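A.B. asks: for reference, the sequence and a predicted model appear below.
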Amino acid sequence: MKGRMLALMLTGLMICAPLLSGCIGSDDTLSCGEGTTLLGDECIGYNDVSYTLRAENMAFIGVGGSIDGITNPDLPIAVGDRVTLTLIMSESNLHDVTIEYYNVATSQLTEEGSEDSLTFIASAEGTYAYYCSIPGHRAGGMEGNFIIGTGQGPSNFVEAQIGAALDVDTDNIARDPLDIPPPTGRNETADVHIYMEAVELVAEIQSGTTFTYWTYNGTVPGPMFRARVGDTVFVHFSNLEENTMHHNVDFHSVTGQGGGAAATETAPGTTSVFSFKAMHPGLFVYHCATPDIPTHISKGMYGMMLIEPEIPLPPVDKEVYIMQGDIYTKWRPGTEGHQEFDDNALFEESPTYVVFNGKFATFTGEDTIQAEVGETMRIYFGVGGPNTISSFHLIGEIFDRVYNMGDLVSEPMQSVQTIAVVPGGAVVVDVTFDVPANYILVDHALTRAFHKGAVGIIAVTGDEDPSVINEDA
Ligand SMILES: [Cu+2]
C-alpha cells in the first residue's frame, strides 16, 4: 500500500505537457500531469477537499461547513479527490488522526491549540476509518469514517504484520510475588506515607514478544501497600517526565471523590499528594482511572492495598501477592515481535492474553514459587482486569480458609476448591501444603490458563505422605 501511495503522490506532482489531458504513457507505465492522478490505468483530474476536526473529550468534533459541531462526522469524498485533513487539539492530551488504509497519519499532538495535517488521494472507493492511534482512544470513541464515492468498496485491506521486538527496559515486568511489606504489628493508628510512580516501559510479555506496559513503579501489578484501619495514608504520586500519558490512581480503599482519582490526576513530569483515612479494613484494589480507563488498566496499571483489621488475621509462614489481568493485542500469544494494543479486541472484551502479574505463564521456570511441606501460605489475589472474572483455583490443593471478596472481618469460608474473583475485587486464601507436588495456579476458565497465560506453579518440596496420596497403590 505504501509503495502505491508513494507512486500516486509522485505521479500527481509530475509535470507533463500542460495542454494534454494529463497523461503520458507507454504500454506498462503511466504518469499523470499536474492536477490529475492515476486511477486504474486512467489519469483523471482531482479536486482538493479539506476537512478540519478538533480533538476533545475522546472524540473528534467537526469544524466548519457541513460537519461543524458534529461528533465523529462522516467525511464524504469523491473518488480521486486530494484530501487534506487537519487536526486541532482542543485539550491537553495525546492524540493523532490515522487512516490505516491510506497509510497516513498526523503527528501525535499534546498541547492545546496545536495542529497538524495529513494529505492523501482518495484512490479507492469505500468506507475507511479515521481514528486516534493512541492506545485505547479508538475504543474510547475517537473514530469516524471517510465515505469515498458510494462508500461501497473493495475490502482488499491486508492485516498488518507484527513488527520486530523492541529493546526492553526491564528484564521482568512481573512483580515478585514475595515482595510484600510485613504486617504493621501495630494496635494503634498511625500516619502512613506511600510513594508511587507511573512508569511506561517496554518488556517481554512472553519470550520473544515485547509489549508496551503502563505501570505503577515499573512492575505489574504495582506495589502492595499495607496499613491498618483508622490510619491516615499519604499518597505521593509522580508521573515520570518521559511518559506520554496523564495518569492517576483510584484506590478502592478510599472514601471520597473517585477514590482519589481526581486528587491524583497528574501530567508527565509532575507529582500529586493527597491523604485519606482508611475507614474500612479489607484487601482493596487500586487502578488508574485516566481515560481511556480500560486501556490504562489492561496495560498494567493496578495493584492492591491491604487495610488490616483491628483483630489481625492469624499469622502464616509465607505471604504471596498475585493479580490477574486481561490484555488485548493484535496477534495471538506465541507471535514473536512487538505486540500492539488492539482497541477492537478491547471493545469486544476478547483478550488475547489473560495473565498473572502481567506476563504469559509467570511463575514457571525460574520464577516458579517455592514452598515446603507443612507451610501455610496466604495468597493475596486480586483481579485488575479490566474485564475478565477469575475462577481462581490451585490444582492439587483445597483452600483451607477463604476471606471472600477481601472481607477480613467476617468468618472465612472453609474448604473451597475454586473462588470467583471479580474485576476490581480480591480474595485472601490460606492453604497448607500436606505433600510435595507442583501445584498449579490457574483461572479455571482453562482456555485462559493454557492458551492465554493465566497459569503458574507453586513447587512444594518435602517428605511424601502415602496416607494422603499414594501414586503407586
Ligand atoms: Cu494511567
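C.D. replies: Good, I have the coordinates.

A.B. asks: Gly294: what secondary structure?
C.D. replies: One correction, residue 294 is Pro, not Gly. helix (DSSP: H, G, I helix; E, B strand; the rest coil).

A.B. asks: not counting sequence-adjacent ones, nearest residue to it?
C.D. replies: Pro386 (4.2 Å; Cβ to Cβ, 6 or more residues apart in numbering). Quick note: C-beta positions are derived from backbone N, CA and C, even for glycine.

A.B. asks: so which bits of the stretch 151-300 of the chain are right by the ion?
C.D. replies: For the stretch 151-300 of the chain, the residues in contact with the ion (Cβ under 5 Å from the ion) are 247, 288, 290, 296.

A.B. asks: at 6 Å what do you get?
C.D. replies: Proximity of the stretch 151-300 of the chain to the ion is confined to 214, 245, 247, 288, 290, 296 under the rule Cβ under 6 Å from the ion.

A.B. asks: surely the second one and Trp214 touch.
C.D. replies: Yes. Counting by Cβ atoms under 8 Å, a contact exists between Met245 and Trp214, whose distance comes to 6.8 Å.

A.B. asks: now for those two: what residues contact both?
C.D. replies: 198, 200, 296 (Cβ atoms under 8 Å, 6 or more residues apart in numbering).

A.B. asks: so which of those wins on neighbours?
C.D. replies: The member of the shared contacts of Met245 and Trp214 that has the most neighbours, counting by other Cβ atoms under 10 Å, is Ala198 with 27 neighbours.

A.B. asks: contacts only, for that residue.
C.D. replies: Taking Cβ under 8 Å, 6+ apart, we find Ala198 in contact with 214-216, 237-240, 243, 245, 247, 266, 288, 301.

A.B. asks: will you turn those residues into CSV that also has distance to Ser50, pLDDT and secondary structure?
C.D. replies: As requested, the contacts of Ala198 are exported to CSV (distance: Cβ to Cβ, whole Å; pLDDT from 0 to 100; DSSP: H, G, I helix; E, B strand; the rest coil):
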residue, distance to Ser50, pLDDT, secondary structure
Trp214, 35, 97, strand
Thr215, 41, 98, strand
Tyr216, 43, 98, strand
Phe237, 42, 98, strand
Ser238, 42, 98, strand
Asn239, 36, 97, strand
Leu240, 38, 95, coil
Asn243, 34, 93, coil
Met245, 30, 92, coil
His247, 36, 97, strand
Thr266, 37, 96, strand
Cys288, 37, 98, coil
Met301, 39, 98, coil
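
A.B. asks: quick one: which of the residues you listed is nearest Glu204?
C.D. replies: Thr215 (13.9 Å; Cβ to Cβ).

A.B. asks: Leu346 - that's part of a helix, no?
C.D. replies: Yes. According to three-state DSSP, Leu346 belongs to a helix.

A.B. asks: skip the chain neighbours and tell me the closest residue to it.
C.D. replies: Using Cβ to Cβ, 6+ apart, the closest residue to Leu346 is Tyr328 (4.3 Å).

A.B. asks: what's the one you found in contact with, if anything?
C.D. replies: Contacts of Tyr328 by Cβ under 8 Å, 6+ apart are 298, 341-343, 345-346, 350-352.

A.B. asks: and it, how far from the ion?
C.D. replies: 16 Å (Cβ to the ion, to the nearest Å).

A.B. asks: do Leu85 as well
C.D. replies: 28 Å.

A.B. asks: equivalent analysis for Thr212, please.
C.D. replies: Counting by Cβ to the ion, the gap from Thr212 to the ion is 13 Å.

A.B. asks: helix or strand: which one has that residue?
C.D. replies: According to DSSP states H and E, Thr212 maps onto strand 209-216.

A.B. asks: the residue in the stretch 51-200 of the chain that the ion sits nearest to pairs with what?
C.D. replies: Of all residues in the stretch 51-200 of the chain, Ala198 sits closest to the ion, at 6.2 Å by Cβ to the ion. Note on Ala198: beta-bridge partners Tyr216, Asn239, judged by DSSP bridges.

A.B. asks: report the contact partners of Ser92.
C.D. replies: Applying Cβ under 8 Å, 6+ apart, the residues near Ser92 are 110-112, 267.

A.B. asks: switch those over to TSV; also include pLDDT.
C.D. replies: Listed next are these as TSV, based on pLDDT from 0 to 100:
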residue	pLDDT
Thr110	91
Glu111	91
Glu112	93
Ala267	94
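
A.B. asks: now, which of those residues lie within strands?
C.D. replies: Nothing among the contacts of Ser92 maps onto strands, per DSSP state E.

A.B. asks: how about TSV for these, with neighbour count added?
C.D. replies: As requested, the contacts of Ser92 are exported to TSV (neighbours: other Cβ atoms under 10 Å):
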residue	neighbour count
Thr110	16
Glu111	10
Glu112	13
Ala267	15
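
A.B. asks: got a markdown table for those, with distance to Ile307 too?
C.D. replies: Compiled in a markdown table, the contacts of Ser92 are given as follows (distance: Cβ to Cβ, whole Å):
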| residue | distance to Ile307 |
| --- | --- |
| Thr110 | 37 |
| Glu111 | 40 |
| Glu112 | 39 |
| Ala267 | 29 |
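
A.B. asks: and which of those is nearest Met142?
C.D. replies: For those, the closest approach to Met142 (Cβ to Cβ) belongs to Thr110, at 15.0 Å.

A.B. asks: could you check how far that closest one is from Ala139?
C.D. replies: As for Thr110, its distance to Ala139 is 20 Å (criterion: Cβ to Cβ, to the nearest Å).

A.B. asks: tell me where the model's unsure across the protein.
C.D. replies: The model of the chain has pLDDT under 70 over residues 1-41, 44, 154-160.

A.B. asks: mind jotting down where the helices sit in it?
C.D. replies: 2-13, 261-264, 293-298, 343-347, 446-450 (DSSP state H).

A.B. asks: kindly format the C-alpha coordinates of the last one as CSV.
C.D. replies: It refers to helix 446-450. Extracted C-alpha coordinates of helix 446-450, given in CSV (Å, rounded to 0.1, in the frame of the first residue of the first chain):
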residue,chain,number,x,y,z
LEU,A,446,-9.0,-23.0,31.3
THR,A,447,-8.6,-21.6,27.8
ARG,A,448,-7.2,-18.6,29.7
ALA,A,449,-4.8,-20.8,31.6
PHE,A,450,-3.4,-23.0,28.9
